[in-house]
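[1] Below is the sequence, then the predicted model.
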Amino acid sequence: MSNKLNLDRLKTNKIQEFEPLDDVFFKPSDKVWLNVHKEIRKKKRHRKGLILFMLTGSFALSLLFICQQFQAIQKTEYIQPSANHLEIGRTNQESNFSRIHKSETSNGNNEKGARTESTAKNKKEEQIRNSNYSGNSNSHKSLVNDTQVKSKDVATNKLRDYYSTKNQIAPRGLMDSLIDLKNLTPYVIEGSERDNWQYEPLKKSNDLKFRLNYERKSIDKFNVPKLNSSRSKSFINYIGLELACFPVKYHKDIEVSSLSETVSSSIYDRTFGAGIQFEKSITRKFALVFNPGYRQDQLLTKYDLNIPYDYNTEEKLPTININHFTHSLPTDFGNIRTNMTVSRAKNSSVGHNELVNIEFQARQMVSTLSLPVGLKYYFKKFKSGFYTTIFAATEIVLSRRSAVDKFLSHHSLVHGDHVEINPEFSSYKYRFNPGMSLQYKYQITNSWSTEIGVGYARNLSNLGRNQMLNLGISIGKSLR
Amino acid sequence: MFNFLFKMIKQKKETTLFSKTAYILSKALQIIEENLILRAKQGDDRAYKELYDKYCNSFFAICLRYSSSREEAEDMLQESMIKIFRELHSFDKDRGTFYTWGARIVINTNLASLRKSNIKFDAIESENLANTLKDQYNVLADLEVKDVIAALQEMPSGYRTVFNLYYFEGYNHQEIAEQLGVSESTSKTQLMKSKVYLKKTLEDLELAN
């Protein structure tokens, strides 16, 4: 193009012709590119950082949750062996009793008649007890043989160790009240006496049996609350199932580029969601909540297309001529590619390059996983009444499916026959929604309760509904 | 790509070797550019740079026309290029070339900036206007692009915007009025005055030379 222009030529020339711009005059300074590049990198870094932050946050929360659960399980498992330990301790204690008893009888301080006066009931109890003690008396004998000591001092030390261990597990007062053996002197079985000794731990005086039964019951009482306490220390205080309804259609204004001004409307339809609710109380009125949930959004996007009908690309069939058109149309979740087939009657009056108006509607189903974490405040008390929650939800777009809803030509002799659409690649996959809700909790039974409430969230990213109003209902069980 | 070129040679109906070669070259360039845009869409920094290098001069020329100084034009170019790269995912090659799409964004960015800074539309001075316009073409017969742009930069923003929209972008007065939120008559008078102003500027320039 000539560098000489006048106003008339300027008016007739197209923009593209105004391009002989290799002159230094039209060269911008290098700092422009540096600034542009910096901005692009900043945006990329920002997006990466946000995604990383959300993923890390979700992962950390999940990890914390799993760890706490694992700890709670470990606590329960820890108490069980200690209960077994008590059982073993009790067995040892009883063997000590038998030995002591033996020593007493061998010294002639205790009468033999007491043994023979045992009732049938007692015998039955003894049989049951015998069966409980490791199957047979051999094991007990071996236990006695293994644990026998050669001197009084060693035996005394062992007994003390045993009590010190037992006192660590059980409250001192309780164990002291069970049975007082501290002042008893252990008897050491030695030599021929040991060979002749028959282990009869269950043939004791009524007094001893009473004491053993009392101890057993007390130990049982002591064990039961211990096991329950592990449950009360569980990380979660409440678990529930939640259903949410999004009753309002949301009209979304899509930012379209200047060459894509074809979107006539974009609407998010009413929808439902479901999730699980976990709650952990912090103080009497505050609690932490975590409600992972699933939602499927339906996005309807309407387009008003003006397609220049092209004779050159027509396929001529016996009665009609068909034409194929391809578009990349913007939606809130990224572009969709359309492959349209438009037909015209042979006698149609459509001219070459004449604009044919076509109304087109696409429906997209977007599955979303929501991971809200919030702080709950009870106005009155935990069990029932009103409460409010402030939350921040990270939402991850799991899938996006699209379908054609309507394809209508407004030209009498041109028909929209067929259209296929496919979602194009979209980098938007995460959203961040802070919000709050007001709910009412009603106690059904001592542990079961139901909640109903309304929530509002604001989307901080451009993707999806910008505002979300939802009605929710849930039912759950208190794990306190 | 070579397969595609062979296919194109077979399909093309033109007989002359020159037209075939020109067509194939243009298609090849188009494919290269499409590939470049695709890479840029995927976040390739080198592709961004190549696109920038290819189009920065053309876009800068547009910015120069709408701005009163080179610095202002550079700011506008920077803003426009950032917008172009951010909106790259919405570019559709089937609906136009990258240049037309990008130029549209550059023009819109410039107009938005002018709207923000309140374009000043001078009051109408109708006396002698008609007489002045009679001989404008004698003066503006031969202009260099650079001279036109330099003269445009001298103009008040209202003149310059209307002049650009009318002569370079090809809008009519009704469309200009809609875009700038002014009446049609304002657009007409601004254009007339811009011509007078341009004439005077170029006369001075010629005298200076």
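    Perfect, I can see it now.
[2] May I have the predicted confidence score for residue 110?
    Just so you know, I chose chain A. A:Asn110 carries a pLDDT value of 45.
[3] You answered for a different chain; I wanted chain B.
    With respect to pLDDT, B:Asn110 has a value of 87.
[4] And the helices in chain B?
    Using DSSP state H, the helices of chain B run over residues B:2-11, B:17-41, B:45-66, B:70-86, B:98-116, B:129-134, B:136-139, B:145-154, B:157-163, B:173-180, B:184-208.
[5] which stretches of chain B have low pLDDT?
    Scanning chain B for pLDDT under 70 picks out B:1-16, B:118-145, B:206-209.
[6] show me what contacts the residue nearest in space to the middle of it?
    Central residue of chain B (Cα atoms, centre = their mean): B:Ile62, 4.0 Å from the mean position. Taking Cβ atoms under 8 Å, 6 or more residues apart in numbering or on different chains, we find B:Ile62 in contact with A:Ile15, B:Ala103, B:Val106, B:Ile107, B:Asn110, B:Phe168. C-beta: built from backbone N, CA, C; applies to glycine.
[7] Now those in JSON lines, please, with extra columns for neighbour count.
    Formatted as JSON lines, the contacts of B:Ile62 follow (neighbours: other Cβ atoms under 10 Å in any protein chain shown):
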{"residue": "A:Ile15", "neighbour count": "17"}
{"residue": "B:Ala103", "neighbour count": "23"}
{"residue": "B:Val106", "neighbour count": "25"}
{"residue": "B:Ile107", "neighbour count": "23"}
{"residue": "B:Asn110", "neighbour count": "23"}
{"residue": "B:Phe168", "neighbour count": "21"}
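[8] Quick check: the farthest pair among these?
    Spatially, the most separated pair among the contacts of B:Ile62 is A:Ile15 and B:Asn110, at 13.4 Å (Cβ to Cβ).
[9] and the residue of the stretch 301-450 of chain A nearest chain B?
    Closest to chain B within the stretch 301-450 of chain A is A:Ser328: 4.0 Å, counting by Cβ to the nearest Cβ.
[10] what does the host helix or strand of that residue contact?
    Following DSSP states H and E, one finds A:Ser328 within strand A:320-329. By Cβ under 8 Å, 6+ apart, the residues outside strand A:320-329 that reach it are A:260, A:262-263, A:301, A:303, A:305, A:307, A:309-310, A:313-315, A:335-346, A:360, A:362, A:417, A:424, B:92, B:94-95.
[11] List the pairing partners of that strand within its sheet, with orientation.
    Partners of strand A:320-329 in the sheet, by DSSP bridges, are strand A:315-316 (antiparallel), strand A:336-345 (antiparallel).
[12] how about these in a markdown table, adding mean neighbour count, distance to A:Tyr430 and mean pLDDT?
    Formatted as a markdown table, the strands paired with strand A:320-329 follow (neighbours: other Cβ atoms under 10 Å in any protein chain shown; distance: least, Cβ to Cβ, whole Å; pLDDT from 0 to 100):
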| stretch | mean neighbour count | distance to A:Tyr430 | mean pLDDT |
| --- | --- | --- | --- |
| strand A:315-316 | 10 | 44 | 81 |
| strand A:336-345 | 19 | 20 | 80 |
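[13] Sort out which residues of the strand holding A:Ser328 are buried, please.
    Residues of strand A:320-329 classed as buried by neighbour count (16 or more other Cβ atoms under 10 Å in any protein chain shown): A:Ile320, A:Asn321, A:Ile322, A:Asn323, A:Phe325, A:His327, A:Ser328, A:Leu329.
[14] Report the beta-bridge partners for the first one.
    To tie it back to what came earlier, the one meant is A:Ile320. Beta bridges link A:Ile320 to A:Ala345, judged by DSSP bridges.
[15] and the gap between it and A:Val404?
    Note on A:Ile320: its distance to A:Val404, by Cβ to Cβ, to the nearest Å, is 20 Å.
[16] Next: the fifth one.
    A:Phe325 sits 14 Å away from A:Val404 when distances are taken as Cβ to Cβ.
[17] One more: A:Leu63?
    43 Å.
[18] Then B:Arg104?
    Applying Cβ to Cβ, the value for B:Arg104 to A:Val404 is 29 Å.
[19] A:Tyr238 too?
    A:Tyr238 is 45 Å from A:Val404, where distance means Cβ to Cβ.
[20] Comparing those two, which shows the higher neighbour count?
    Per other Cβ atoms under 10 Å in any protein chain shown, whichever of A:Tyr238 and A:Val404 has more neighbours is A:Tyr238, with 23 against 17.
[21] correct me, but that one touches A:Phe278?
    Yes. Using Cβ atoms under 8 Å, A:Tyr238 is in contact with A:Phe278, at 7.3 Å.
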